[in-house]
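> no sequence on this one, just coordinates:
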């Protein structure tokens, strides 16, 4: 199991990609896709990626829902900022002390923060576990550290740690 | 009826996406710094990919889908290698 | 162009609405890229087109082809997955490069941050 199939989740994703790309569910494509998926996961062994373990699948769905809702909301907000071009908008950097540490949580958090319009990941120091993000409109009273912690950190911790 | 609605919507969104490509091309020309130009190029890639998807709906073939997929992946590789070049002065270490 | 005429009206309206939403978001994002004054602000604008803009155009394409071909066509999801995973990575790289170049030129934008000051506001005009 672990020798022939070192990363079962990633192999399953590769197989799904292969089948979607060919739009075909015939036995031949499933077999070929399985070969590609398993061979692809061997590449990751050479890269020494840490093993990917999902703790609870339904929390991933909750995180995805949270991200979609958040993304839609901030899309509307940023679109309004672009069109109105209000003068008193104050962009700025915010320093956040994180509590998650594992590679996959940080990767996913970086993708979520950068993909959401209005916030982007700028710098991370692994020794002090401090993250700096850039915010397009710093409204007084918005505590971004608290927002990141409440929205994402708890869920990420439950999934990966 | 439905043909008319779709044709109008397709024309408008093609126009919008062309304008978006023009805007990002203008950012490439204006700069002012190298990273602004790279960001403009990345936006140009994404807008071109969206335009190809719209063309695909208009023509009714999935050929455009594959082109859009390739453009998306090539755009990623191009932008990452340029960002890497801006940081280190070389692409492959 | 026969396939377009045979489409039910509700599907045509829904596809058109999704197309218009997606393309106008991409346009707004590119206008923002042109309008904002500093690089760190500009990085926020293109994400409009690459998140919700992309999703609505992909949804329009999926809806149109599924109904026109009377079978589910879902391979557009692949573009969605690829772009949503790769765009943050490119932006991360670009921001890292910019930060490195800013520091190299002697103007660290993060120099005002410390444990006491959790946020630094930057002027819009610079």
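Alright, I've got the coordinates. All values reported here derive from a predicted model rather than from experimental measurement.
> going forward, measure contacts and count neighbours with C-alpha atoms only.
Noted.
> And the helix or strand where residue B:70 lies, how far out from the chain middle?
Per DSSP states H and E, residue B:70 falls inside helix B:63-88. Taking Cα atoms, centre = their mean, to the nearest Å, the mean C-alpha location of helix B:63-88 is offset from the chain mean by 10 Å.
> hmm, it in reach of chain C?
Yes - against chain C, helix B:63-88 shows contacts by Cα under 8 Å from any Cα of the partner chain at B:65, B:68, B:69, B:72, B:73, B:76, B:79, B:80, B:83, B:84, B:86, B:87.
> any idea how far the most centrally placed residue in chain A lies from residue B:55?
Closest residue to the average C-alpha location of chain A: residue A:108 at 2.6 Å, with Cα atoms, centre = their mean. Look at residue A:108 and residue B:55: by Cα to Cα, to the nearest Å, they are 33 Å apart.
> For residue A:101, see how far away the residue nearest the centre of chain C is.
In chain C, the residue lying closest to the centroid (Cα atoms, centre = their mean) is residue C:50, at 2.3 Å. The gap separating residue C:50 from residue A:101 is 28 Å, by Cα to Cα.
> cool, residue A:160 as well?
10 Å.
> list residues touching both of those two?
By Cα atoms under 8 Å, 6 or more residues apart in numbering or on different chains, residue A:160 and residue A:101 have no common neighbours.
> Between the two, which is the more surrounded one?
Between residue A:160 and residue A:101, counting by other Cα atoms under 10 Å in any protein chain shown, residue A:160 is the more crowded of the two (17 against 13).
> Quick check: that one touching residue A:103?
No - counting by Cα atoms under 8 Å, residue A:160 does not reach residue A:103; the two are 9.2 Å apart.
> Spell out which residues of chain C are next to chain A.
Residues of chain C lying near chain A by Cα under 8 Å from any Cα: C:25, C:28-29, C:31-32, C:35, C:40-41, C:43-45, C:47-48, C:51-52, C:74-75, C:78, C:84-85, C:87-89, C:91-92, C:95-96, C:99, C:110, C:113-114, C:118-124.
> Now, these that are in helices?
Among these, DSSP state H puts C:25, C:28-29, C:31-32, C:35, C:40-41, C:47-48, C:78, C:84-85, C:87-89, C:91-92, C:95-96, C:99 in helices.
> So which of those residues reach chain B?
Applying Cα under 8 Å from any Cα to those, those adjacent to chain B are C:28, C:29, C:31, C:87, C:89, C:96.
> If you rank these by neighbours, which is first?
Neighbour-wise, these (other Cα under 10 Å) top out at residue C:29, 32 neighbours.
> what pLDDT does that one get?
pLDDT recorded at residue C:29 is 91.
> And for the one 10 residues further on?
pLDDT, the model's per-residue confidence, is 87 for residue C:39.
> Please give me every residue in contact with residue C:69.
Contacts of residue C:69 by Cα under 8 Å, 6+ apart: none found.
> Just the pLDDT for it.
Looking at residue C:69, its pLDDT stands at 81.
> how much space between it and chain A?
As judged by Cα to the nearest Cα, to the nearest Å, residue C:69 and chain A stand 13 Å apart.
> per-residue confidence for the closest residue to residue A:67 other than its chain neighbours?
Excluding the flanking residues, the one nearest residue A:67 by Cα to Cα, 6 or more residues apart in numbering or on different chains is residue A:112, at 7.2 Å. What the model reports as pLDDT for residue A:112 is 88.
> residues near the residue found closest to residue B:30 once you drop the neighbours it is linked to in the chain, how many?
Nearest residue to residue B:30, sequence neighbours excluded (Cα to Cα, 6+ apart): residue B:37, at 7.7 Å. Using other Cα under 10 Å, residue B:37 is surrounded by 19 other residues.
> and the helix or strand containing residue B:37, what other elements does it pack with?
Using DSSP H and E, residue B:37 maps to helix B:34-59. For helix B:34-59, the contact count by 3 or more Cα pairs under 8 Å, 6 or more residues apart in numbering or on different chains; DSSP states H and E identifies helix B:2-30, helix B:63-88, helix C:9-35, helix C:54-68, helix C:76-104 as packing neighbours.
> For chain A, just list every one of the strands.
A:92-97, A:119-125, A:130-135 (DSSP state E).
> so which of these comes closest to residue B:14?
With distances scored as Cα to Cα, the stretch of the strands of chain A nearest to residue B:14 is strand A:119-125 (28.8 Å).
> mind checking how far that closest one is from the chain centre?
With Cα atoms, centre = their mean, you get 14 Å for strand A:119-125.
> Is that strand positioned near chain C?
Yes - Strand A:119-125 lies within reach of chain C by Cα under 8 Å from any Cα, at A:119, A:120, A:121, A:122, A:123.
> The helix or strand bottoming out on mean pLDDT in chain B close to chain A?
Every helix and strand of chain B was ranked by mean pLDDT, DSSP states H and E. The lowest is helix B:63-88, at a mean of 88. No - using Cα under 8 Å from any Cα, helix B:63-88 never reaches chain A; the gap is at least 9.1 Å.
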